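Undergrad: sequence unknown, structure follows:
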């Protein structure tokens, strides 16, 4: 199975920009990278999805380098309500499985 | 749009009984749905892939006779935990793939199963 690697945890303060990087060395040529946010006892919520370069929506930006072996989720001006676990999701290069990374537990402090 | 519901949101049952969890895509059709299990402080683990009108594909180590999956329509998949035991207690989450968008999954709110 392909593996993804993310920092286990990150701390930030309200109003700061937060960047979370995910490594996915075995990503397949046609696969997209998707990031989700999860609060305790809830299902993951779709944040953003991209294939290459940069994607931006109303809540985040996603930066993907040319080799696509990593991606960085950027959350501008975080608030306390952004405290959650963030997962990157890619499709395994050797099969059809979606592989969740270990997740990054973001704590936003006042 | 792209809303997925699960029912029930939580269930408590006695050891040895069976529990059925429903997953519905409310505003889109989903040819493929997925079932995940999540233990406390851990990431989601894929249990099986459910394709409408065909048998589910189970991940290695997941007992297909214990976790019965039925995907009878484009908006409904069910997971039945048969002869549940305390070690089956977990948070079960389904997701649905939006038809035509290969890599986007939308997740349900999850079902908390507690087996006494």
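TA: Right, received. Where do you want to start? No experiment lies behind these values; they were computed from the predicted model shown.
Undergrad: And the residue of chain B that's closest to chain A?
TA: residue B:107 (3.7 Å; C-beta to the nearest C-beta). C-beta: built from backbone N, CA, C; applies to glycine.
Undergrad: For chain B, what lies in contact range of chain A?
TA: Applying the criterion C-beta under 8 Å from any C-beta of the partner chain, the portion of chain B that neighbours chain A consists of B:2, B:4, B:6, B:34, B:43-46, B:49, B:59, B:91, B:93, B:95, B:102-110, B:112.
Undergrad: Make a ChimeraX selection of the buried ones in the residues you listed.
TA: Applying 16 or more other C-beta atoms under 10 Å in any protein chain shown to the residues of chain B next to chain A leaves a buried subset, and the ChimeraX line that selects it is:
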select /B:2,4,6,34,43,44,45,46,49,91,93,95,103,104,105,106,107,108,109,110
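Undergrad: Name the residue of chain A that lies nearest to chain B.
TA: residue A:43 (3.7 Å).
Undergrad: List the single closest residue to that residue in space, sequence neighbours excluded.
TA: Using C-beta to C-beta, 6 or more residues apart in numbering or on different chains and skipping residues adjacent in sequence, the residue nearest residue A:43 is residue B:107, 3.7 Å away.
Undergrad: Following the chain past the helix or strand of chain A with the lowest mean pLDDT, name the next helix or strand.
TA: Of all the helices and strands that make up chain A, strand A:98-100 has the lowest average by mean pLDDT, DSSP states H and E, namely a mean of 72. Sequence order places strand A:104-109 as the next helix or strand after strand A:98-100, per DSSP states H and E.
Undergrad: Tell me the neighbouring strands of that following strand, and mark each as parallel or antiparallel.
TA: Here strand A:104-109 has these sheet partners by DSSP bridges: strand A:9-13 (parallel), strand A:84-91 (antiparallel).
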